[in-house]
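*Asks:* here is the input, now give the coordinates:
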Amino acid sequence: MYIYSMKDGLEIKRELYRKCTEYIDHRIDSIQKKLNDVAESRSNETKSSAGDKHETGRTMMQLEEQKATVQLFAALEVKQTLNQINLEHIHNTIGLGSLIQCNNANYYIAISAGKLKIDNIIYYSISMQSPIGLHLTGKGVGDQIEFNGNVIKVIDLY
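*Replies:* Numbers count the residues shown, from 1 in each chain. Below you'll find the predicted structure:
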């Protein structure tokens, strides 16, 4: 269930970072595709004689475009956070880029990318702003937190 020997920590961090990069790049590509589709639909739309129907369709497209634009900016901010990670840094306390082995699970403090699997071991990629990330930040090996009624102990940190 648990992570690794410390000699493998850097290799695992690199793989987790790669998976997080793929995750956010895919998200950005999907949003950009949606924006392109909306722009194409808008340019293909012709003025119809049904004025109200035309206006409703145009308004819906504008709302979709605004929503996708907000999502794109958020995803780009997440990408920027990921780019701040120094993979070579070995952590003494938990922070951005930390690989953590706890008594309940393995965590990678980077972006909220969910459950990632490497060599049949599950790692949870979480952001520092996530509820558990906020609790773990600044802790070190041997420290423990209480989260959702459970005691979580930091066993190892890389």
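
*Asks:* S41 versus K34, what's the distance?
*Replies:* 11 Å (CB to CB, to the nearest Å). C-betas here are computed from N, CA, C, even on glycine.

*Asks:* I meant K117, not that one.
*Replies:* According to CB to CB, K117 stands 38 Å off from S41.

*Asks:* ok, those two, which is more surrounded?
*Replies:* S41 (15 against 9; other CB atoms under 10 Å).

*Asks:* what is the host helix or strand of that one packed up against?
*Replies:* Under the criterion of DSSP states H and E, S41 resides in helix 9-44. In terms of contacts (3 or more CB pairs under 8 Å, 6 or more residues apart in numbering; DSSP states H and E), helix 9-44 is packed against helix 51-83, strand 99-102, strand 106-109, strand 114-118, strand 121-126.

*Asks:* please verify my assumption that K13 contacts I100.
*Replies:* No. With contacts counted by CB atoms under 8 Å, K13 stays clear of I100, the gap being 10.9 Å.

*Asks:* overlap of the contact sets of those two?
*Replies:* When contacts are counted by CB atoms under 8 Å, 6 or more residues apart in numbering, K13 and I100 are jointly contacted by Y108, Y158.

*Asks:* what about this structure, any weak spots by pLDDT?
*Replies:* Scanning the chain for pLDDT under 70 picks out 1-7, 45-55.

*Asks:* which strand runs longest in it?
*Replies:* Looking across the chain with DSSP state E, the single longest strand is strand 150-157.
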